[in-house]
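[1] What would the 3D arrangement of this be:
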Amino acid sequence: MLKKPFPVLQSREGLEWLYQCIVEAMKEFGKTEVIVGIEPTGHYWLNLAYFLDEKGIPLVMTNPMHVKRSKELDDNLPTKHDAKDALVIARLVKDGRFSYPRILKGMEADLRVGATFRSKLVEEQGAIRNQMIRWLDRYFPEFSQVFPSFGKMALAVLEYTPFPSDLAGKELYRCNLKL
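    Model (predicted):
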């Protein structure tokens, strides 16, 4: 590690500033190649990864568990602070304890985003369906005898008459349809 740790803003300006710092450090120390190491947390590393890929700078990732264990080995304190983490990450990268992330581009990236979004929607739909069943079982248990599934008609009826009391006093019409 040739430079002291410094914060980088999650914006285009912040990433451009980081790039300038990298270029200046390479000149200052006479280096022709550089590697940027990170500990990935959530989605925050993605913009940096795409930016550095655009600039031709390789990015590597350290395993968060390795970072934690290495910190504890160094000083036996599990405290978390960025300067300490940066030093540990730099050591892990120097020792070759990293992996290269797979940076998806084009159609592959679009498919991944779409598949992830669809998966979340299906999960949310299941949760909402379970809530509806729970509420209907509690407040309108007869509903499932008339509508065994949540089709358009069932949802329309629920929109206008969500409780049995909403049907009280209403005239009911029976239709005999032949198809």
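
[2] so what's residue 139 up against?
    Residue 139 is in contact with 162, 163, 164, counting by Cβ atoms under 8 Å, 6 or more residues apart in numbering. For the C-beta atoms, the positions are set from N, CA and C on the backbone; glycine is no exception.

[3] So, low pLDDT: which residues of this protein?
    Residues of the chain meeting the criterion pLDDT under 70: 1-2, 76-81, 172-179.

[4] where do the strands sit along it?
    Taking DSSP state E as the criterion, the chain contains strands spanning 36-38, 59-61.

[5] could you dump the ones you listed to a markdown table with distance to residue 68?
    Below are those laid out as a markdown table (distance: least, Cβ to Cβ, whole Å):
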| stretch | distance to residue 68 |
| --- | --- |
| strand 36-38 | 15 |
| strand 59-61 | 14 |
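
[6] send the alpha carbons of stretch 59-74 over as PDB?
    Below are the C-alpha coordinates for stretch 59-74, written out as PDB (Å, rounded to 0.1, in the frame of the first residue of the first chain):
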ATOM      1  CA  LEU A  59     -10.500  -4.700  -9.700                       C
ATOM      2  CA  VAL A  60     -10.200  -7.600  -7.300                       C
ATOM      3  CA  MET A  61     -12.400  -8.600  -4.400                       C
ATOM      4  CA  THR A  62     -11.400  -9.900  -1.000                       C
ATOM      5  CA  ASN A  63     -13.700 -12.200   1.000                       C
ATOM      6  CA  PRO A  64     -15.300 -10.200   3.900                       C
ATOM      7  CA  MET A  65     -14.700 -13.200   6.200                       C
ATOM      8  CA  HIS A  66     -11.000 -13.200   5.300                       C
ATOM      9  CA  VAL A  67     -10.800  -9.400   6.100                       C
ATOM     10  CA  LYS A  68     -12.500 -10.000   9.400                       C
ATOM     11  CA  ARG A  69     -10.300 -12.900  10.400                       C
ATOM     12  CA  SER A  70      -7.100 -11.100   9.300                       C
ATOM     13  CA  LYS A  71      -8.000  -8.100  11.300                       C
ATOM     14  CA  GLU A  72      -8.500 -10.200  14.400                       C
ATOM     15  CA  LEU A  73      -5.200 -12.000  13.800                       C
ATOM     16  CA  ASP A  74      -3.300  -8.700  13.500                       C
END
